[in-house]
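Novice: Have a look at this prediction, sequence included:
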Amino acid sequence: MRTVIRQKARQRLDERLLALKPVDHYRSPPKGWLKAIRDALGMTGVQFARRLNVSPQSVDALEKSEANGTIKIKTLRRAAEALDCTLVYALVPNTSLEAAVNEQARALALRDLDRVAHTMKLEAQGVPDADLAERLDAYIRDSLRDRDIWEPS
């Protein structure tokens, strides 16, 4: 039951995150979003500093920290609001969440079944590879739980 609920949750997230692909559309400008938007608005660093209630030197440090990826999310949100923007934050998986779970489960099942097959070959009880896909599916369905697949081997 929990596996089905988790699978449906993954599918819902996959659907929502699909709208954010390809992620190339969201790469930040070389000097960062803050500086790019501030410049596009025609706002000086001094004016931006006043809106943030910080020194102009702090604005320079803020923009540099955003550009090099060391800014805190809370600080970036505050700066975005000062530019009348909304900070949008997301983690976009490189593949679908469902594909990631299936790939991890398959790799784990292959590893585990390979161990069994090796032992059986040593005992001259080898199993033909023809039914490997079927055995993998059965092993994943009957023996693995979602949380188990992420444990270190």
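Specialist: Received the coordinates, thanks. Numbering: from 1, shown residues only.
Novice: ok, for Ala90, nearest residue in space, not its chain neighbours?
Specialist: Sequence neighbours aside, Leu20 is the residue nearest to Ala90 in space, at 5.9 Å (criterion: CB to CB, 6 or more residues apart in numbering). All C-beta spots, glycine's among them, are computed from the backbone N, C-alpha and C.
Novice: Could you check how far the one you found is from Glu134?
Specialist: 36 Å (CB to CB, to the nearest Å).
Novice: Those two: which is more packed in?
Specialist: Leu20 (14 against 9; other CB atoms under 10 Å).
Novice: Just the pLDDT at that one, thanks.
Specialist: The confidence metric pLDDT takes the value 91 at Leu20.
Novice: Isn't it up against Leu91?
Specialist: No - contact criterion CB atoms under 8 Å: Leu20 and Leu91 do not qualify, at 9.6 Å.
Novice: list residues touching both of those two?
Specialist: Common neighbours of Leu20 and Leu91 are not found (criterion: CB atoms under 8 Å, 6 or more residues apart in numbering).
Novice: Following the chain past the helix-or-strand element of the chain with minimal mean pLDDT, name the next helix or strand.
Specialist: Least confident helix or strand, the chain: helix 97-122 with a mean of 77, by mean pLDDT, DSSP states H and E. Following helix 97-122 in sequence order, the next helix or strand is helix 132-143 (DSSP states H and E).
Novice: show me the contacts for Ala100.
Specialist: Ala100 sits next to Pro93 when contact means CB under 8 Å, 6+ apart.
Novice: Distance of it relative to Arg106?
Specialist: Applying CB to CB to Ala100 and Arg106 gives a distance of 11 Å.
Novice: same thing with Ala61?
Specialist: 47 Å.
Novice: The two - which one has more neighbours?
Specialist: Arg106 (17 against 13).
Novice: That one is in contact with Asp137, isn't it?
Specialist: No - shown here, Arg106 and Asp137 do not form a contact pair, counting by CB under 8 Å, at 9.3 Å.
Novice: Domain ranges for this protein, per the record?
Specialist: As recorded under automatic domain parsing, the domains making up the chain are 21-82, 97-150.
Novice: That'll do, ta.
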